[in-house]
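S.K.: Here's a sequence, model it:
(chains A, B, C, D and E)
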Amino acid sequence: MLHDLRRWRWDRWQELTPGKKEQLLDRWQDFLEESERVEGEEGVYSALYRVVGHKADFVWVHFRPRVADLLDLERAWERTPAASLSQRTFSYLSVVELSRHSAPPFPEGVDPMTLPPLRERLVPTIPNYRWICFYPMSKRRGETVNWYQLTGEERSNYMRGHGAIGRNWADRVKQIVSGSMGLDDWEWGVSLFADEPLWFKKLVYEMRFDPASALFAEFGPFFIGERLDQTALRSWLR
Amino acid sequence: MLHDLRRWRWDRWQELTPGKKEQLLDRWQDFLEESERVEGEEGVYSALYRVVGHKADFVWVHFRPRVADLLDLERAWERTPAASLSQRTFSYLSVVELSRHSAPPFPEGVDPMTLPPLRERLVPTIPNYRWICFYPMSKRRGETVNWYQLTGEERSNYMRGHGAIGRNWADRVKQIVSGSMGLDDWEWGVSLFADEPLWFKKLVYEMRFDPASALFAEFGPFFIGERLDQTALRSWLR
Amino acid sequence: MLHDLRRWRWDRWQELTPGKKEQLLDRWQDFLEESERVEGEEGVYSALYRVVGHKADFVWVHFRPRVADLLDLERAWERTPAASLSQRTFSYLSVVELSRHSAPPFPEGVDPMTLPPLRERLVPTIPNYRWICFYPMSKRRGETVNWYQLTGEERSNYMRGHGAIGRNWADRVKQIVSGSMGLDDWEWGVSLFADEPLWFKKLVYEMRFDPASALFAEFGPFFIGERLDQTALRSWLR
Amino acid sequence: MLHDLRRWRWDRWQELTPGKKEQLLDRWQDFLEESERVEGEEGVYSALYRVVGHKADFVWVHFRPRVADLLDLERAWERTPAASLSQRTFSYLSVVELSRHSAPPFPEGVDPMTLPPLRERLVPTIPNYRWICFYPMSKRRGETVNWYQLTGEERSNYMRGHGAIGRNWADRVKQIVSGSMGLDDWEWGVSLFADEPLWFKKLVYEMRFDPASALFAEFGPFFIGERLDQTALRSWLR
Amino acid sequence: MLHDLRRWRWDRWQELTPGKKEQLLDRWQDFLEESERVEGEEGVYSALYRVVGHKADFVWVHFRPRVADLLDLERAWERTPAASLSQRTFSYLSVVELSRHSAPPFPEGVDPMTLPPLRERLVPTIPNYRWICFYPMSKRRGETVNWYQLTGEERSNYMRGHGAIGRNWADRVKQIVSGSMGLDDWEWGVSLFADEPLWFKKLVYEMRFDPASALFAEFGPFFIGERLDQTALRSWLR
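M.R.: Numbers count the residues shown, from 1 in each chain, chains lettered A, B, ... in the order given. Presented below is the predicted three-dimensional model:
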């Protein structure tokens, strides 16, 4: 997964002629449409969201089977005229993973990719919700409170409680956790999807008292965005 | 709520012709007037303040019922000529909330929005004071001192003392606390409003010795601003 | 008090014609002269210092009775041509205060502004020294070492020792401590004035072993500047 | 070793004429070819990788016998037209070293450079893998958990376990650890090379539970890149 | 002492005409020559080094009797055409001092400036070595491990061991420690000079296990540079 956060140069956008604007927008819409599809797969694999506040104006969220595909997507975007009016402010590279703490049991030696419910979790598509909340996080490695010194059983117990909160919210908030150790500066990325942004607040609030978060979670920046489909993109830039 | 802090490009402003300045200012005043109102509601929902120091030149404070309304406001501002001379330096997204520690008791199962005194606290308008002080904050989650490991009763006791200080100042300083877990990088935003900026200092000083702050509060940047109404905006830019 | 630190665009300054330079300098000198005076008061209330190193090229230090006066001064400066060649790098808003730990005793209920020695400390003018050292600081609120959990008596004891060091240096270094809780990002600003910059080093060195500093002080950036009067300003820019 | 991370000005690249692009690309390819070789040595000593995310667009990795050679390389790059469209975002200077904890035993008094297997580790060439993962790190010097207060034997025990993990992965991930105390801001640089970027994640994940990491490791930013040879460089910029 | 680190605008340098380049270089050489001398003193008091990596392209190191001289030097540099193509990235102001822990004993009441070996340490000239390593540092003031709460005797014991390591290296690495409390953001600056940059790494590595460093040292950024005399400056820019 790549979360690619960018600021939009509104000042330079305002200065374009209507014709240039139209041309840029057409190409952006084409790119949005093309990037949604992964060959040979069903569903939507890239999405665009307008983002609240100064940290970014929009975010591209890309799901792809290989890291090289993400590099190609970054490069393809740079070939569009819209790219020149955008400036990167943050990005995050991570890999969707199946938590050993929350996965349903499956027989030893079976490739999870052959089991449809597991495959769906390992190869997710963009959930069809209006809002996204993204933040990276790590587990604390403090001098006395240190996640990586717990036993596997202790970690499982902590994560079970944590997972239960997520499941209570599962009908309203779709949660995709991706790992980024060795890939980016935090250890995990958390992408929440919902139709109502206040649910992000309620869910995160509830989790913060869960011991797995209270004791061990360290949080990076939070980004909130609203989905821009073809029509919304056009009216946003209008 | 969105706090939208911006630097003003004074150097580029100085270079505009008087006609361009006038046009920009007219549009800014229109925007200020329009943004103040929320359809179907009484009162003022957006305000502008000039800000002391290098962290920003001015701040927009917007109260809106939905996050999408804030995104629309950000976009509408970018359509004004003033936006091109402003650069974002900070912003904060949060939701006004009723502290369970300070709310007057009300019957279980009653929607607080149906009770006028609670509704007023949940749907505030811009208080009619000359000065604003805004800062975000979080509760400490240290290795030994950790707010999220306290019991609900311990937290209530801490917050009761904290609330008492606020109430002593209530006739001089209006305090709006908004929550931002899952929405922005700190856990709460604190907006203080008063006619005398030194009261912010006295109130914050007093609170800092309160155990809820002394032990558990971590503070983000502080911003101090003075209200710019239509007339003051014009004379500020004159 | 406002400490307003700015970088000077030497590259753009070099490109100005001699006539433009002269005009800019005249206006800057006028501004310096005007800003020194506060109506109805004796003494100098604003000063300019050239600053060592990359953190700033110069600093404006303004003492004013009201925060709104500081906002007006910032705005007035932006109307001068010199402002366009300067870029803000730091600033600090604080209020001169009388430490309860170091103030000479005075009768309960008496307004300190009516007592000349106290008034002089509460409404200081720019001390007539060649050098300034400015830094902001806070008291530690650690998990175990926490200033705000001490009793008032413990704090007084700590500050008494601290004040004694300052008084030993009083004939060489004038010290103005200003409070900034609720106004800016640290809790205090410390402005030292002397004719020899090495005295700043000696004084700060001595204080660092004092328990009030050793245990509790957290320091922000340090700025060192040399006073620019009308003549020095002109020869600096020559 | 020098890791030299740079952003590419795609906006300015797009504006070049096809002729200018061709010329820049030819020179870049020449530079890539020339920099690969060190006089009198076999193998490849410099490589280029395109990098995922906003932290950089590409990274130069240079191995050279002397620090002065790295300075010369930096200067030579600045003479190419591509340099003007690149902006540095990070860099890292370090020296390949042989860990006393993982080196095979060799007789006292023997210069390791005379033993081929040790020489190969002390004078590495660019491993022939498609992907790189680079990150700097330090050992913790906490108030209670402090690597530099352990005995040599304790450190050896910790590093032996750590090394065992690396050796399990040795057929898939080539690991070059370089020291940077006194040379750059962290204590070590870690360069991992593999044909599959997910192996970086699996290796780093496994190591994080190893006590040497769990207790003592502090990590800097992570960078992931894919090798750009002559052909890939051309098609990337095409 | 002033360490003045600057980035060089290679892109703008490339665009200058040969004539402009020559003129800029001549003036830079003149400045280098003039800045080396201090009136009435023997030896070299300023030097220039090209710096490895993105943190700077070169560093000016100036030794002067008074802080005002450093301000004058900064100003004089800004009058040269080279200054306009350079951008400051870091700087450090400090004062050469004689550690009470390492100074040879001398009679009470004697001014050390009258004793040649002490004078040489208090008024150093630029050592005649090819490489420089500069970094600022502070002593830890942690909640439990706190340098400023040790007794003078404890501090002396720690520093004696520390000094012994330095003396072992004295024939290869010249070390100048300067104090910056009250002058800049760290407490000391350390300037190491040698003909082989790897010696910096070995010396710093050895010191890191010394308890004075292991327990108490906190390090700022490290900068490594190679001396640019008149000839080297010209060939570097050629």
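S.K.: Can you tell me which helix or strand of chain A has the lowest average pLDDT?
M.R.: One helix or strand of chain A scores below all others by mean pLDDT, DSSP states H and E: helix A:116-122, with a mean of 77.
S.K.: So what's the residue count around residue A:158?
M.R.: Around residue A:158 there are 20 other residues, counting by other C-beta atoms under 10 Å in any protein chain shown. Glycine gets a C-beta too; all of them are placed from N, C-alpha and C.
S.K.: doesn't it fall inside a helix?
M.R.: Yes - assigned with DSSP: H, G, I helix; E, B strand; the rest coil, residue A:158 falls within a helix.
S.K.: dump the residue contacts of it.
M.R.: By C-beta atoms under 8 Å, 6 or more residues apart in numbering or on different chains, the contact list for residue A:158 reads A:150, A:211-212, A:216.
S.K.: change it to 6 Å
M.R.: With contact set as C-beta atoms under 6 Å, 6 or more residues apart in numbering or on different chains, residue A:158 has these partners: residue A:212.
S.K.: what does the model give it for pLDDT?
M.R.: Note for residue A:158: predicted pLDDT of 94.
S.K.: Over to residue A:104?
M.R.: 60.
S.K.: Spatially central residue in chain A, please.
M.R.: With distances taken as C-alpha atoms, centre = their mean, residue A:191 lies nearest the centre of chain A, 4.1 Å away.
S.K.: Relative to residue A:132, how far out is the closest residue to it other than its chain neighbours?
M.R.: Leaving out its chain neighbours, the residue that sits closest to residue A:191 by C-beta to C-beta, 6 or more residues apart in numbering or on different chains is residue A:176, at 4.6 Å. When distance is defined by C-beta to C-beta, to the nearest Å, residue A:176 is 10 Å away from residue A:132.
S.K.: now do residue A:24
M.R.: Taken as C-beta to C-beta, the span from residue A:24 to residue A:132 is 24 Å.
S.K.: who's more crowded, the two?
M.R.: residue A:132 (25 against 19).
S.K.: and that one, that's in a helix?
M.R.: No - applying three-state DSSP, one finds residue A:132 to be strand, outside a helix.
S.K.: mind listing what it touches?
M.R.: Residue A:132 neighbours (C-beta under 6 Å, 6+ apart): A:49, A:193, A:225.
S.K.: ok, now residue A:216?
M.R.: Contacts of residue A:216 (C-beta under 6 Å, 6+ apart): A:139-140, A:147.
S.K.: From the residues you listed, list the buried ones, please.
M.R.: Among the contacts of residue A:216, those buried by neighbour count (16 or more other C-beta atoms under 10 Å in any protein chain shown) are A:139, A:147.
S.K.: Put together TSV for the contacts of residue A:216, with secondary structure and pLDDT on each row.
M.R.: Rendered in TSV, the data for the contacts of residue A:216 read as follows (DSSP: H, G, I helix; E, B strand; the rest coil; pLDDT from 0 to 100):
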residue	secondary structure	pLDDT
A:139	strand	97
A:140	coil	97
A:147	helix	97
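S.K.: what about the strands in chain A?
M.R.: Remark: strands assigned in chain A by DSSP state E are A:2-8, A:46-51, A:58-62, A:86-93, A:95-96, A:131-139, A:174-179, A:188-194, A:217-219, A:223-227.
S.K.: Counting neighbours, what do you get for residue A:234?
M.R.: For residue A:234, the neighbour count with other C-beta under 10 Å is 15.
S.K.: I'd say the residue nearest to the centre of chain A and residue A:136 touch.
M.R.: No - counting by C-beta atoms under 6 Å, residue A:191 stays clear of residue A:136, with 10.1 Å between them.
S.K.: Briefly note if the biggest helix by length in chain A comes near chain D.
M.R.: When every helix of chain A is counted residue by residue (DSSP state H), the longest turns out to be helix A:18-36. No - with C-beta under 6 Å from any C-beta of the partner chain as the criterion, chain D is not reached by helix A:18-36; the gap is at least 12.4 Å.
S.K.: How about the residues of chain A by chain B?
M.R.: Within chain A, the positions lying close to chain B (C-beta under 6 Å from any C-beta) are A:10-11, A:50, A:52-54, A:133, A:142, A:144-145, A:197, A:200-201, A:204-205, A:208-209, A:214, A:221-222, A:224, A:226.
S.K.: do you know how far residue A:24 is from residue A:4?
M.R.: 18 Å.
S.K.: Apologies, that question was intended for residue A:110.
M.R.: Where residue A:4 is concerned, residue A:110 sits at a distance of 35 Å (C-beta to C-beta).
S.K.: Looking at the two, which is more packed in?
M.R.: residue A:4 (26 against 10).
S.K.: hang on, isn't residue A:2 packed against residue A:64?
M.R.: No - the pair residue A:2 / residue A:64 is not scored as a contact, 7.6 Å apart, by C-beta under 6 Å.
S.K.: quick one: common contacting residues for the two?
M.R.: Contacts common to residue A:2 and residue A:64, judged by C-beta under 6 Å, 6+ apart, are residue A:70.
S.K.: Looking at those two, which is more packed in?
M.R.: Set residue A:2 next to residue A:64 and count neighbours by other C-beta under 10 Å: residue A:2 wins out with 23 against 17.
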